[in-house]
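>>> The following block contains a protein sequence and its predicted model.
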Amino acid sequence: MPTFTLDELARRFGLQARGDAATAVHGVCSLSPGKPGCIGFLSNPRLRDELATSLAAIVIVTPRHADAARGAALIAADPYLAYARIARLFDPERDFVPGVHAGAFVADSAQIGAGCRVAAGAVIDADARVGTDVYIGPGCTIGRGAVIGDGVRLIARVSVAARVVIGARCQVQAGAVLGSRGFGNARGPGGWEEVPQLGSLIIGDDVEIGANTCIDRGAIDDTVIANGVRLDNLIQIAHNVRIGEHTAIAACTGIAGSTRIGRRCMIGGAVGIAGHVEIADDVILLGRAMVTGSIPKAGVYGSGLPLDDAREWRKTVARVRRLGRLEARLQRLEKHLSLNAGSQDDDHSESI
Amino acid sequence: MPTFTLDELARRFGLQARGDAATAVHGVCSLSPGKPGCIGFLSNPRLRDELATSLAAIVIVTPRHADAARGAALIAADPYLAYARIARLFDPERDFVPGVHAGAFVADSAQIGAGCRVAAGAVIDADARVGTDVYIGPGCTIGRGAVIGDGVRLIARVSVAARVVIGARCQVQAGAVLGSRGFGNARGPGGWEEVPQLGSLIIGDDVEIGANTCIDRGAIDDTVIANGVRLDNLIQIAHNVRIGEHTAIAACTGIAGSTRIGRRCMIGGAVGIAGHVEIADDVILLGRAMVTGSIPKAGVYGSGLPLDDAREWRKTVARVRRLGRLEARLQRLEKHLSLNAGSQDDDHSESI
Amino acid sequence: MPTFTLDELARRFGLQARGDAATAVHGVCSLSPGKPGCIGFLSNPRLRDELATSLAAIVIVTPRHADAARGAALIAADPYLAYARIARLFDPERDFVPGVHAGAFVADSAQIGAGCRVAAGAVIDADARVGTDVYIGPGCTIGRGAVIGDGVRLIARVSVAARVVIGARCQVQAGAVLGSRGFGNARGPGGWEEVPQLGSLIIGDDVEIGANTCIDRGAIDDTVIANGVRLDNLIQIAHNVRIGEHTAIAACTGIAGSTRIGRRCMIGGAVGIAGHVEIADDVILLGRAMVTGSIPKAGVYGSGLPLDDAREWRKTVARVRRLGRLEARLQRLEKHLSLNAGSQDDDHSESI
């Protein structure tokens, strides 16, 4: 277990320190209750009171909370970011011993760069090119001619299909499928016929992809995930989708074919986005949002009817279904009182 | 194919029998039409009439339906539970021959208990500890230092990440990912930075986990799945979630980070639960419910607008969007008639 | 890279040609901007103007757009279908060299037909029967006694459970799980007890199944997927579901147990369908539809409240929750004016 002193951490991460310079930590902890010998952080000001009772040996705080710290403290403009960087010191999974395991299957024509680890049960097909310092975990399958950038980590059982390109320093969790066939089907006289998906999937640098997430290859052109994108678990990205730089998408979200999503968007969990729409930069979609059309401008968007007691919910559904009648009744009253202001509210439906 | 007589079943499972004690069954069947030589059950009283025509050799019924059975019957307070136990006699997949397949890759420092089967293509990393009578199916990957309890069955291609702990007698379906990295990202000056996920995932005893379900490890503390929990397929459980004993969750549900779910909850399919909320014991969430806040008390909850003819649906959406105007029109009428009771209905929005 | 001339393509696919018979293509392209040496198609008449500027060497068009083509053209009643068939000529992934890789694990009692490829890391259990010309990709696991038809392609890491039957010419993307245990649990005195899932999964001919999609085996009878069905990625199909011929289902959709879906249905993405319902032939369900009951007749159906600006959305939610009060206020006005037509609108709730 590595150990670091307050002084060492302050110097290494360029932070100001308060308290005993020799205070040592060997791991991380939550602020409350905290753990002796560990480092925690305060990023949510509402939890400030926890500083007084935390058992953490060192806490990372903003300048304005520095005085509230009981013991040793590191002062950072962004404590969560400082924590993220310091915590890497204690991550036991980051390092690996280079080498190709005897139980890995690497095609003769595949190229593997220096410093790579290929674990048991991994299969690398012909003409694949793997950069340097890459970790290919157990059970991964790398298709023919796929290209994997330097420093990539494929944790376990990741499938990279033929000709897919992955940039440098990407991390992909177990079970993800990169470059599966897009859902292209043409109606033939005897039923659906397969439309070959001849495009590929191009993933930029520093992208993270979650467990069991699927990204389809393009039909003709490529599906593109730009630099710095963050994808959580169980996400579906259909063929020809393009996702802009630094956009983050939470779990269970599905994006239909040919949709384009801008840069720095934040997309909540279980969002559904229709195909062939365009979403501007800096759009925030709340969880479970239902997106049926383009979003041309930055902003925060949501949809759906949140939870209710089931009996109340059923009444609400019935009331919503009576809305047409409610409008008619109101109009009748207005007419009766010669106050008809609602005639423009005919049943012109939304363009969904 | 094993065969059992009415008499044997009655004795083995402590049930009362009616009819010919020598009636033999070698498999299970639905009540209608039923199959000769097989055993079926009646648990839904509305299907009682099927007893008269069922071809089943033996039927399991409650005392009040015993007279309606045509032939041999077993009488049980809970026929479905009795069926569940009897059906195990006919399950061809429960047994396995112990041994480590020559095509499995087990690290030298891993410990494998007595009576275990490790199938071809399974990979067990250093310092993992596997209990007794465990089945590790083909293509499973067990990370460094993971702990797997006695009698666990990992069907195929299950990934257990480093240091994850699984209790006794759990069953995990193919493709599940246990202990993937939580979706922790901090904004840095150049884009998202990875927040190491240093907690683990602790799974209790007698837990079932479905195919391609993902459970993230904790960020600092652990993600915890208590004893007896049932998780269906394609479920997402984010970091630091805690799920109480005997809670059952249907497929496609997603639970965001740090949420706590009580004991004995029943959560329907495709439910979405926001992060950092608390759900009480014995809560029932209907399918597709959208949970944006805590649920402090037991009950049945639902949400969403169910299906409609598409044209009617579009009209309904338009009407819902006109609700603000409808309220204004009504208020105008009330004012006109000096009956204004609606002034409290200003547009104070929900706290979603 | 194979190359084909206009003349060859016209003859091989029975299409009429226009322009220089020797025009050669070696790949496919989008119509706009198009690529020299490649073939594109026009199926959406609104994109007709792209014909004038496309760089494609050959375009596939309907008779009515033939005159608008700049260069060589193939004329087809259904350009997209003609494209689908022609594009297969350029698909580098369709062919494989037969043989069982030294790193595959095939049980002695398994039968493998002529012309099959079994890739490294694939595991085929006892008594499995694999037809002719089958591709079993890396990391696939085939259970005991499973039956796989001629010409099937399992791309990578597909799990086929024991006794599952797959028809001819099916294609299954990476990570799919076919025949996982259904979610059958009975309440026992000490918590949930497993209900063995003794049925199987029967998949017809010419079925496509997407990445990480899960289909459970039946509890007693079988789960059935009929000929020609198309399933996208990350779909959940529970035990005992039956899906009719040529039905297509988009990604992220979940179908609960024992539901029956008709033939030629088109089901959008992220649809949720309750258990034990029946859906007629030729039903179209729009994306994100919430299906809580049977749909006895063909038609187009949808549900849900689409996206809004978050502030407007929150107001809408509040207004929907005030609907009961709104109705009461209106009724009061009607009474006041002796125009009460709304008394039938008591809070009888929907049968959800």
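Here it is on my side, so go on.

>>> Poorly predicted segments of the stretch 201-350 of chain A, please.
A:339-350 (pLDDT under 70).

>>> if we go to 50?
Counting by pLDDT under 50, the stretch 201-350 of chain A has low-confidence residues at A:342-344.

>>> List the contacts of the residue most central in space within chain A.
Nearest to the centroid of the C-alpha atoms of chain A, with distances taken as Cα atoms, centre = their mean, sits A:L231, at 2.5 Å. Counting by Cβ atoms under 8 Å, 6 or more residues apart in numbering or on different chains, A:L231 touches A:V207, A:E208, A:I209, A:G210, A:T213, A:I215, A:I225, A:I237, A:A248, A:I249. Where C-beta positions appear, they are placed from N, C-alpha and C, glycine not excepted.

>>> who's it bridged to?
Counting by DSSP bridges, A:L231 forms beta bridges with A:I209, A:I249.

>>> helices or strands up against the longest helix along chain A?
Taking DSSP state H as the criterion, chain A has its longest helix at helix A:323-336. Applying 3 or more Cβ pairs under 8 Å, 6 or more residues apart in numbering or on different chains; DSSP states H and E, we find helix A:323-336 packed against helix B:310-321, helix B:323-336, helix C:323-336.

>>> Give me whichever of these is most buried.
Each of those was scored by mean neighbour count; the highest is helix B:310-321, a mean of 20, by mean count of other Cβ atoms under 10 Å in any protein chain shown.

>>> quick one: contacts of that one?
A:320-321, A:323-324, A:327, A:347-350, A:352, B:305, B:307-308, C:284, C:286, C:299-303, C:305-306, C:308, C:316, C:319-320.

>>> do you know which of the helices and strands packed on helix A:323-336 lies nearest C:P98?
helix B:310-321 (48.6 Å; Cβ to Cβ).

>>> just the CA coordinates of the closest one, formatted as CSV?
Provided in CSV are the C-alpha atoms of helix B:310-321 (Å, rounded to 0.1, in the frame of the first residue of the first chain):
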residue,chain,number,x,y,z
ALA,B,310,-50.8,7.7,-32.5
ARG,B,311,-53.2,10.4,-33.8
GLU,B,312,-55.0,10.5,-30.5
TRP,B,313,-51.6,10.5,-28.7
ARG,B,314,-50.4,13.5,-30.7
LYS,B,315,-53.6,15.4,-29.8
THR,B,316,-53.1,14.5,-26.2
VAL,B,317,-49.6,15.9,-26.2
ALA,B,318,-50.8,19.1,-27.8
ARG,B,319,-53.6,19.4,-25.2
VAL,B,320,-51.2,18.9,-22.4
ARG,B,321,-49.0,21.6,-23.8
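
>>> can you count the residues close to the residue nearest to A:E50 when sequence neighbours are not counted?
Closest residue to A:E50 apart from its sequence neighbours, by Cβ to Cβ, 6 or more residues apart in numbering or on different chains: A:S32 at 4.1 Å. Here the number of neighbours of A:S32 (other Cβ atoms under 10 Å in any protein chain shown) works out to 15.

>>> What pLDDT does the model give A:S32?
On pLDDT, A:S32 comes in at 93.

>>> The one 10 residues further on now?
With respect to pLDDT, A:L42 scores 96.

>>> wait, what's in contact with it?
Contact analysis of A:L42 by Cβ under 8 Å, 6+ apart lists A:L31, A:R48, A:E50, A:L51, A:V59, A:I60, A:V61, A:T62, A:H65, A:P79.

>>> Distance check, it against chain C.
Look at A:L42 and chain C: by Cβ to the nearest Cβ, to the nearest Å, they are 28 Å apart.

>>> Apart from its neighbours in sequence, what residue is nearest that residue?
If the residues on either side of it in the chain are set aside, A:L42 comes closest to A:V61, at 5.0 Å by Cβ to Cβ, 6+ apart.
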